[in-house]
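> Need coordinates for the following:
(one chain, ligands or ions: 1)
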Amino acid sequence: MNKKEPSRVVSGYFRVKDKSKEEIQNMFSAAIDNGINFFDHADKYGGDHVCESRFGESIKMSDDLREEIYIQTKCGIRSWEGGDYYDFSKEHIIRQAEDSLKALHTEYIDSLLLHRPDTLMEGEEIAEAFETLHSTGKVRNFGVSNFTPYQVEYVQKYVNQKIRFNQIQFSLVHASIIDNGVCMNTVFDGAIDRDRGVLEYSRINDITIQAWSPMQYGWFEGIFLNNDKFTELNKEISLLAEKYNTDPIAISIAWILRHPANMQAVIGTTNPERIKKSAQAMNIELTRKEWYKLYSAAGHFIP
Ligand SMILES: NC(=O)c1ccc[n+]([C@@H]2O[C@H](COP(=O)([O-])OP(=O)(O)OC[C@H]3O[C@@H](n4cnc5c(N)ncnc54)[C@H](OP(=O)(O)O)[C@@H]3O)[C@@H](O)[C@H]2O)c1
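Model prediction:
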């Protein structure tokens, strides 16, 4: 059976460590019932495969249902007592993917991403790990997360499988990948290059950008909706929510989906009602003017 197209809104399982079986089942149903068929995990969410296990134990999946959905996970971040480090060795990638399969209660992973760049990475090791996981049918597709274009190029030089995804932080407020192009060569702060042209690189190379934390500002500082720091933005979002007869959550996500780079938005809400509202974004197409007005209201300078 062929799978349906992957949904452009993805349900992320970063925040489910303390959720009950029933709460996770309700999250999952809210996604499926509203057209979200793509689920994002990581080996490290909640601890050692903890959030993956919560999902695997809660969602008893028939073979038919498994074929209708996409399960993605990530590996490559390890911890010591005082912090994190990165490990893209062959042994670590294979072991983590195999442990993710067990935790998620699935025979295969639809996509495996390398979570954050390991500056000690060696292309040959990654290539061997990907080949083993792909040839044994354990992983169908591969991608990266938080990678610069040159880091993607480096990995792609070695691996036989196409790098299909790059998951990076992107929201109405955290939009440096846009600012950099819009303010190119000016004296304005937007011209500061934090992302090395990752937006344009991904479009040229057919790599899907997956926007993580679509509601957050800063480094997990909180959400921008109904936040006094973003009055102008919330005003503009509310006007559009009224126009499109939807919720501000959907407008915020529709802004990401409207970009012709064909991105996916990885939402993190654990609330079934908010999952449902997020899914409405897939049916909204903002006009060019609305898109730029939101961008400006979020505080980005348009020269
Ligand atoms: N690749 C990476 O490096 C990376 C990093 C971080 C995250 N991720 C992925 O991206 C996903 C999303 O990240 P995120 O969780 O930070 O995304 P988010 O969707 O921006 O934020 C979700 C958080 O905001 C709250 N929230 C959302 N809408 C709200 C509203 N209208 N009112 C009140 N609270 C609201 C949620 O609470 P409720 O649950 O109560 O709704 C939840 O705590 C994660 O699950 C993970 O899959 C990837």
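
> can we go C-alpha only for contacts and neighbour counts from here?
Noted.

> What distance separates the opening and closing residues of stretch 262-274?
22 Å (CA to CA, to the nearest Å).

> That stretch and the ligand, any residue contact?
Yes: interface with the ligand: stretch 262-274 contributes Val266, Ile267, Gly268, Thr269, Thr270, Asn271 (CA under 6 Å from any ligand atom).

> how far does that stretch sit from the chain's center?
Relative to the centre of its chain, stretch 262-274 is centred 9 Å away, using CA atoms, centre = their mean, to the nearest Å.

> Partner strands of the host helix or strand of Gln210, with direction?
For Gln210, the host element (DSSP states H and E) is strand 208-212. Its sheet considered, strand 208-212 pairs with strand 163-169 (parallel), strand 264-267 (parallel) by DSSP bridges.

> near the ligand, anything from it?
Yes: between strand 208-212 and the ligand, judged by CA under 6 Å from any ligand atom, the touching residues are Trp212.

> Leaving out chain neighbours, which residue sits closest to Asn160?
Ala127 (7.1 Å; CA to CA, 6 or more residues apart in numbering).

> show me the contacts for that neighbour.
Going by CA atoms under 8 Å, 6 or more residues apart in numbering, Ala127 touches Val155, Tyr158, Val159, Asn160.

> Weed out the non-buried ones from the residues you listed.
By neighbour count, with 16 or more other CA atoms under 10 Å, those hold Val155, Val159 as buried.

> Where does pLDDT dip in this structure?
Residue ranges of the chain with pLDDT under 70: 1-2.

> hey, which helix is longest across it?
helix 90-104 (DSSP state H).

> Output that helix in CSV with nothing but the alpha carbons.
Extracted in CSV, the C-alpha atoms of helix 90-104 (Å, rounded to 0.1, in the frame of the first residue of the first chain):
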residue,chain,number,x,y,z
LYS,A,90,28.7,4.5,13.1
GLU,A,91,28.2,2.5,16.2
HIS,A,92,26.2,5.2,18.0
ILE,A,93,23.9,6.0,15.0
ILE,A,94,23.1,2.3,14.5
ARG,A,95,22.5,1.5,18.1
GLN,A,96,20.3,4.6,18.7
ALA,A,97,18.2,3.8,15.6
GLU,A,98,17.7,0.2,16.7
ASP,A,99,16.8,1.3,20.2
SER,A,100,14.3,3.8,18.7
LEU,A,101,12.7,1.0,16.8
LYS,A,102,12.1,-0.9,20.0
ALA,A,103,10.9,2.1,21.9
LEU,A,104,8.5,3.2,19.2
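
> For it, name the packing helices and strands.
helix 50-58, strand 70-75, helix 123-135 (3 or more CA pairs under 8 Å, 6 or more residues apart in numbering; DSSP states H and E).

> mind running it again at 10 Å?
Using 3 or more CA pairs under 10 Å, 6 or more residues apart in numbering; DSSP states H and E, the elements in contact with helix 90-104 are helix 50-58, strand 70-75, strand 109-114, helix 123-135, strand 139-145.

> now those in CSV, with distance to Gly190?
Supplementary listing: the helices and strands packed on helix 90-104 in CSV, determined by distance: least, CA to CA, whole Å:
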stretch, distance to Gly190
helix 50-58, 36
strand 70-75, 30
strand 109-114, 28
helix 123-135, 33
strand 139-145, 22
